[in-house]
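**Student:** I'd like to go over a predicted model; first the sequence, then the structure.
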Amino acid sequence: MTKPKVVVIGLDAAESSLVLRWAGQGYLPTLARLISNGVVAPIATPPAVLEGAIWPTYITSSSPATHGMFAYLQIKPGSYDLQLGLRADRLPVYPFWHHLSKAGKKVAVIDAPFAKPMRGLNGIQITNWGAHDQWSWDRCSWPKGLVSDLIRRFGEHPVDGCDPKNRDLADYEDLKDRLIAGVRKKTAMLEYCFDMADWDFFFGVFSEPHCVGHQFWHFSEPGHPRNNPAAPQSMLCAMRDVYAEIDRGVGSLIGKTPPETHVLVIMSHGMGPGYHGSHLLNQVLKNLGVNDVQRDGSRGSENPAIQNNGRSARRLLWGARRVLPPALRVLLKSRLSKDLLNNLWGWTHPEPSPWSRMRAFQVPSHDMTSAIRINLKGREPAGLVNPGKEYEDLCRRLTEALLALENTETGKKAVLWVERGTKLYTGPRQNELPDLFIEWDHDAPIRTLSSSEIGIVSGEYSGGRTGNHLPNGLLLGRGPDWQPGWVAERVRTLDVGTTILDIFGISIPRHHEGKSVLELLRRRGKGPAPQAEPPSVPGYLL
């Protein structure tokens with residue numbers, strides 16, 4: 001029996017509806033062949049936490065309540081402080097290719113987001129040569145010198161930052177050209193790595209759909225507030241041109257694989273117009289008055305014992321500098337950087353967070369889905385809301401008030417759904433999730449919200465991105481025993497890594513919450529492409 005080989009090509013935040021449209025129109029011939037002759041499976045992505053949780057969920061086959069990564073900034077447990085939530089070393093379990101390596105499989109992993117190289121890996125791993133979120137870990141590789149060799153051969157990725165504001169048309173033209181050049185460099189680098197060895201498992205990711213979707217969406221949507229009717233044709237086709245270059249790269253890589261190789265092309269999650277009301281949520285909470293008066297009639301304030309003890313201990317540390325001779329203190333002050341001294345002062349003289357005085361507050365999240373945390377007694381250091389009835393009543397009131405919001409410009413409901421974090425996910429880090437997630441309607445810009453309870457609140461979204469993340473991805477594949485057609489059953493993000501291990505016949509680790517869908521890919525009698533379903537809270541844990 002021939003030993004299995006698997007090639008996975010990730011398309012980070014490629015919008016599947018655009019891929020299907022452009023493949024049908026002939027612009028993406030490689031992907032069109034996979035759609036026509038291979039397996040096609042819609043992927044149900046983790047609801048509410050797309051931007052932060054999608055890749056950690058893919059690579060660990062565990063839920064956001066287990067790996068605990070769901071937003072760029074997250075509350076540090078036991079405090080009101082924010083910390084970078086998506087550093088690669090925060091993953092609590094190994095990525096699935098660790099188990100391939102342990103089983104003796106030779107693996108290559110290039111630019112998998114939020115994944116640092118594994119020392120001793122049976123193969124190679126490159127981190128952040130051209131990934132979108134390069135702040136997640138320093139650029140590096142296993143073996144250590146590999147990434148330097150690749151830079152000497154192929155140079156730097158032409159796009160080192162995606163988000164500057166106030167671009168003019170010339171800047172957009174330049175960014176488009178650099179993205180296409182980046183795809184070509186990534187293709188050449190992936191081909192070079194592919195030819196380095198006879199890999200059992202090869203995984204490479206194109207990051208360019210992520211950037212082009214954020215920055216160029218308004219050019220492709222005539223009704224977008226930032227659409228420029230005077231933009232040249234090259235801008236109107238910018239997203240399609242970047243996707244087409246990626247299609248050529250995918251075709252080149254697939255052309256190197258023997259027919260018996262399992263090939264998976266994974267579109268991680270979607271992209272669409274960045275319409276939401278996250279920028280108005282704080283004003284909504286203010287107008288609701290949930291933070292005005294506490295149960296005893298007093299205004300909210302932090303727990304004095306907890307807050308003062310923490311401040312006193314840190315200020316004692318600052319005062320301990322006086323045990324040093326004055327001349328030594330002056331010398332140290334002259335040698336230490338101003339930023340370091342300012343940070344040290346801030347740490348030793350902390351100001352109480354305004355959140356400590358609130359019963360409910362907005363926390364960072366994916367803008368398309370807002371998040372609220374309840375200042376719960378026993379969980380937060382200065383909790384104000386009692387568990388049980390008071391907590392339940394507050395969550396219910398917020399939910400009802402949010403669902404009543406109307407986008408005054410369209411007359412439509414502004415919020416599609418509100419759901420508890422505990423209803424969406426279960427796991428050991430569940431308490432780190434927000435209490436409520438709010439999914440906005442993404443059909444039109446939200447500048448003004450109104451309801452009988454909040455009155456009217458207005459404001460413009462000031463972010464520079466015109467496109468943002470939407471749910472659901474797409475899997476295209478071929479395998480020696482896979483039957484072509486659309487898979488009707490649900491495939492989840494966390495099922496993908498488990499399925500890859502199953503292809504190799506490797507025992508599924510205990511921490512994997514995903515299930516193998518290998519039999520679905522093999523099944524005969526698959527149906528046509530499913531019709532689009534109305535938006536709803538996905539049954540992700542079903």
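**Tutor:** Sure thing, it's come through. Everything numeric in this text was worked out from a predicted model, so none of it was measured.

**Student:** okay, CA-based contacts and neighbour counts for the rest of this
**Tutor:** Noted.

**Student:** Check the gap between residue 249 and residue 454 for me.
**Tutor:** 51 Å (C-alpha to C-alpha, to the nearest Å).

**Student:** Also residue 415?
**Tutor:** The gap separating residue 415 from residue 454 is 14 Å, by C-alpha to C-alpha.

**Student:** Residue 82 touches residue 72, doesn't it?
**Tutor:** No - Residue 82 is beyond contact range of residue 72, at 9.7 Å (criterion: C-alpha atoms under 8 Å).

**Student:** neighbour-wise, which of those two wins?
**Tutor:** Between residue 82 and residue 72, residue 72 has the larger neighbour count (other C-alpha atoms under 10 Å), namely 19 against 14.

**Student:** before we move on, the earlier item: neighbour count: residue 249 and residue 454, which is higher?
**Tutor:** Using other C-alpha under 10 Å, the more surrounded residue of residue 249 and residue 454 is residue 249, with 22 against 19.

**Student:** Check the spatially closest residue to that one that is not a sequence neighbour and give its pLDDT.
**Tutor:** Nearest residue to residue 249, sequence neighbours excluded (C-alpha to C-alpha, 6 or more residues apart in numbering): residue 187, at 5.2 Å. For residue 187, the pLDDT comes out at 98.

**Student:** Help me confirm that residue 187 is found in a helix?
**Tutor:** Yes - under DSSP: H, G, I helix; E, B strand; the rest coil, residue 187 sits within a helix.

**Student:** and it, what is it in contact with?
**Tutor:** Residues in contact with residue 187 (C-alpha atoms under 8 Å, 6 or more residues apart in numbering) are 249-250, 252-253.

**Student:** Would you convert those residues into CSV that also reports pLDDT, distance to residue 68 and secondary structure?
**Tutor:** As requested, the contacts of residue 187 are exported to CSV (pLDDT from 0 to 100; distance: C-alpha to C-alpha, whole Å; DSSP: H, G, I helix; E, B strand; the rest coil):
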residue, pLDDT, distance to residue 68, secondary structure
249, 98, 34, helix
250, 98, 32, helix
252, 98, 37, helix
253, 98, 34, helix
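
**Student:** Just the buried ones out of those, please.
**Tutor:** Those of the contacts of residue 187 that meet the buried threshold are 249-250, 252-253, by 16 or more other C-alpha atoms under 10 Å.

**Student:** Which helix or strand in this structure has the lowest average pLDDT?
**Tutor:** Every helix and strand of the chain was ranked by mean pLDDT, DSSP states H and E. The lowest is helix 304-319, at a mean of 55.

**Student:** Over to residue 272. Which of the three states is it?
**Tutor:** strand.

**Student:** my guess is it contacts residue 217, does it?
**Tutor:** Yes - contact criterion C-alpha under 8 Å: residue 272 and residue 217 qualify, at 7.2 Å.

**Student:** what residues are shared contacts of these two?
**Tutor:** Contacts common to residue 272 and residue 217, judged by C-alpha under 8 Å, 6+ apart, are residue 467.

**Student:** which SSE is residue 519 in?
**Tutor:** Per DSSP states H and E, residue 519 falls inside helix 518-522.

**Student:** What residues sit buried inside that helix?
**Tutor:** In helix 518-522, the ones that count as buried by 16+ other C-alpha under 10 Å are 518, 520-522.

**Student:** I would like the residues contacting that helix, please.
**Tutor:** 39, 481-483, 487, 489, 499, 502-503.

**Student:** burial count for the residue nearest to residue 91 when sequence neighbours are not counted?
**Tutor:** Once flanking residues are discounted, residue 91 sits nearest to residue 67: 5.8 Å by C-alpha to C-alpha, 6+ apart. Around residue 67 there are 21 other residues, counting by other C-alpha under 10 Å.

**Student:** Contact partners for residue 67?
**Tutor:** So residue 67 contacts 56-57, 60, 90-93, 429 (C-alpha under 8 Å, 6+ apart).

**Student:** For the buried ones among those residues, write the corresponding ChimeraX selection.
**Tutor:** For the buried members of these, the matching ChimeraX selection, counting by 16+ other C-alpha under 10 Å, is:
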select :56,57,60,90,91,93,429
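
**Student:** Columns distance to residue 111 on top of the contacts of residue 67, output as CSV?
**Tutor:** Output for these, formatted as CSV (distance: C-alpha to C-alpha, whole Å):
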residue, distance to residue 111
56, 13
57, 16
60, 16
90, 17
91, 16
92, 20
93, 19
429, 27
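
**Student:** closest to residue 195 among the contacts of residue 67?
**Tutor:** Of all the contacts of residue 67, residue 60 has the smallest distance to residue 195: 26.9 Å, by C-alpha to C-alpha.

**Student:** The closest one: what's it in contact with?
**Tutor:** Applying C-alpha under 8 Å, 6+ apart to residue 60 gives the contacts 67, 93-96, 494, 497, 512.

**Student:** Kindly recompute the last result at 10 Å.
**Tutor:** Residue 60 is in contact with 66-67, 91-98, 493-498, 511-514, counting by C-alpha atoms under 10 Å, 6 or more residues apart in numbering.

**Student:** Which members of those residues are classed as buried?
**Tutor:** The neighbour-count test (16+ other C-alpha under 10 Å) marks 66-67, 91, 93, 95-98, 493-498, 512-514 as buried among those.

**Student:** Quick one: the strands in the stretch 351-500 of the chain, in order.
**Tutor:** 360-363, 369-374, 406-407, 412-413, 415-420, 436-440, 448-451, 455-458, 467-470, 473-478, 485-486, 491-492 (DSSP state E, counting those that start in this stretch).

**Student:** what's in contact with the fourth one?
**Tutor:** In other words, strand 412-413. Residues contacting strand 412-413 (C-alpha under 10 Å, 6+ apart): 402-407, 440-441, 443-444, 449-450.

**Student:** Include distance to residue 154, neighbour count and pLDDT when you put those residues into a markdown table, please.
**Tutor:** Shown next, in a markdown table, are these (distance: C-alpha to C-alpha, whole Å; neighbours: other C-alpha atoms under 10 Å; pLDDT from 0 to 100):
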| residue | distance to residue 154 | neighbour count | pLDDT |
| --- | --- | --- | --- |
| 402 | 51 | 26 | 98 |
| 403 | 51 | 18 | 98 |
| 404 | 54 | 17 | 98 |
| 405 | 52 | 24 | 98 |
| 406 | 52 | 20 | 98 |
| 407 | 49 | 21 | 98 |
| 440 | 42 | 23 | 98 |
| 441 | 43 | 21 | 97 |
| 443 | 41 | 14 | 95 |
| 444 | 42 | 18 | 96 |
| 449 | 50 | 25 | 98 |
| 450 | 54 | 19 | 98 |
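
**Student:** thought residue 457 was touching residue 288?
**Tutor:** No - contact criterion C-alpha atoms under 10 Å: residue 457 and residue 288 do not qualify, at 11.3 Å.

**Student:** if I look at these two, which residues touch both of them?
**Tutor:** Residues touching both residue 457 and residue 288 (C-alpha under 10 Å, 6+ apart): none.

**Student:** circling back: with respect to residue 466, which of the buried residues of helix 518-522 is nearest?
**Tutor:** Scanning the buried residues of helix 518-522 for proximity to residue 466, where the rule is C-alpha to C-alpha, the winner is residue 521, at 35.9 Å.

**Student:** mind listing what's buried in stretch 171-186?
**Tutor:** For stretch 171-186, the neighbour count (16+ other C-alpha under 10 Å) marks 172-173, 175-186 as buried.

**Student:** likewise stretch 449-459?
**Tutor:** Residues 449-451, 454, 456-458 are the ones in stretch 449-459 that count as buried (16+ other C-alpha under 10 Å).

**Student:** neighbouring contacts of that stretch?
**Tutor:** Defining contact as C-alpha under 10 Å, 6+ apart, one finds that stretch 449-459 is touched by 277, 279-281, 283-289, 401-409, 411, 413-414, 446-448.
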